[in-house]
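Enquirer: Sharing a model prediction with you, sequence too.
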Amino acid sequence: GAVVSQHPSWVICKSGTSVKIECRSLDFQATTMFWYRQFPKQSLMLMATSNEGSKATYEQGVEKDKFLINHASLTLSTLTVTSAHPEDSSFYICSAQSGGGDEQFFGPGTRLTVL
Amino acid sequence: AQSVTQLGSHVSVSEGALVLLRCNYSSSVPPYLFWYVQYPNQGLQLLLKYTSAATLVKGINGFEAEFKKSETSFHLTKPSAHMSDAAEYFCAVNSASKIIFGSGTRLSIRP
């Protein structure tokens, strides 16, 4: 149990375009989802926390207008990178947490490359 | 604020040797601590977690970690390394419902 999927697993896009990444909890209801980014050979940095049905809470330094997060249901959250630039190229990982639980379950990640 | 520090960005051991990955935490309250493993181009998998029930925590794949309050440490060990253990390992602490990750330690296994 506790499986989280991400789609797509990798994406290449041109500079200036927008890219949407989906995060789904397959066998549980995720009241909270988290989005992280990971640069090569570095640790995971939390970008934002989203609770179902409410606005996401962004970490300091993360542009909310650039990284749009939607958590419209208990099983789906989306991250949209708007007007992507090469410096946005990274590995994006989501995690999901059920209500009352202390454990986060991680998705397999999405590698974004912006040309 | 709670944080974790991983000593050693890269550890290399021989197959069959003891694995020791170091993690120290900083917390003003009893922490929840985690060890995760990440294989190349994949997400994170939970190895084990400490939630104050027992100081010695056993996890998957033969790994275990011991919570030592006096040393503010939560080192990860495995008695005998396998080639399949080669991966990136992250120590993490739960802070205000968020998980704060250490910088990671890459474990290499020599044949």
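Expert: Received the coordinates, thanks.
Enquirer: could you list every residue that touches the residue lying closest to A:Pro86 once chain neighbours are set aside?
Expert: Leaving aside its sequence neighbours, A:Pro86 sits nearest to A:Val114 (CB to CB, 6 or more residues apart in numbering or on different chains; 4.9 Å). Where C-beta positions appear, they are placed from N, C-alpha and C, glycine not excepted. Taking CB atoms under 8 Å, 6 or more residues apart in numbering or on different chains, we find A:Val114 in contact with A:Ile12, A:Cys13, A:Lys14, A:Ser15, A:Ala84, A:His85, A:Pro86, A:Glu87, A:Asp88, A:Ser89.
Enquirer: Just among the residues you listed, which is most surrounded?
Expert: Counting neighbours by other CB atoms under 10 Å in any protein chain shown, A:Ala84 leads the contacts of A:Val114 with 22 neighbours.
Enquirer: I figured that residue was touching A:Ile12, is that so?
Expert: No - taking contacts as CB atoms under 8 Å, A:Ala84 lies outside contact range of A:Ile12: 10.4 Å.
Enquirer: Need the contacts of A:Val114 in a markdown table (columns: pLDDT, distance to A:Lys41 and secondary structure).
Expert: A markdown table is the format used below for the contacts of A:Val114 (pLDDT from 0 to 100; distance: CB to CB, whole Å; DSSP: H, G, I helix; E, B strand; the rest coil):
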| residue | pLDDT | distance to A:Lys41 | secondary structure |
| --- | --- | --- | --- |
| A:Ile12 | 97 | 21 | strand |
| A:Cys13 | 95 | 23 | strand |
| A:Lys14 | 96 | 26 | coil |
| A:Ser15 | 96 | 24 | coil |
| A:Ala84 | 96 | 22 | coil |
| A:His85 | 96 | 21 | coil |
| A:Pro86 | 95 | 18 | helix |
| A:Glu87 | 95 | 17 | helix |
| A:Asp88 | 95 | 18 | helix |
| A:Ser89 | 96 | 14 | coil |
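Enquirer: now for those, which pair is the farthest apart?
Expert: A:Ile12 and A:Glu87 (15.2 Å; CB to CB).
Enquirer: pLDDT below threshold where in chain B?
Expert: Along chain B, the model assigns pLDDT under 70 to no residue.
Enquirer: Show me what from chain A comes close to chain B.
Expert: A:4, A:6, A:32, A:34, A:41-44, A:46, A:49, A:91, A:93, A:95, A:102-104, A:106-109, A:111 (CB under 8 Å from any CB of the partner chain).
Enquirer: give the contact list for the spatially most central residue of chain B.
Expert: Nearest to the mean C-alpha position of chain B, by CA atoms, centre = their mean, lies B:Trp35 at 3.7 Å. For B:Trp35, the contact set (CB under 8 Å, 6+ apart) comprises B:21, B:23, B:46-49, B:59, B:63, B:65, B:74, B:76, B:89-92.
Enquirer: Show the buried residues in the residues of chain A next to chain B.
Expert: Of the members of the residues of chain A next to chain B, the ones counted as buried by neighbours, 16 or more other CB atoms under 10 Å in any protein chain shown, are A:4, A:6, A:32, A:34, A:43-44, A:46, A:49, A:91, A:93, A:95, A:103-104, A:106-109.
Enquirer: Now for A:Thr80: which residues touch it?
Expert: With contact set as CB under 8 Å, 6+ apart, A:Thr80 has these partners: A:Ser18, A:Val19, A:Lys20, A:Ile21, A:Phe67, A:Leu68, A:Ile69, A:Asn70.
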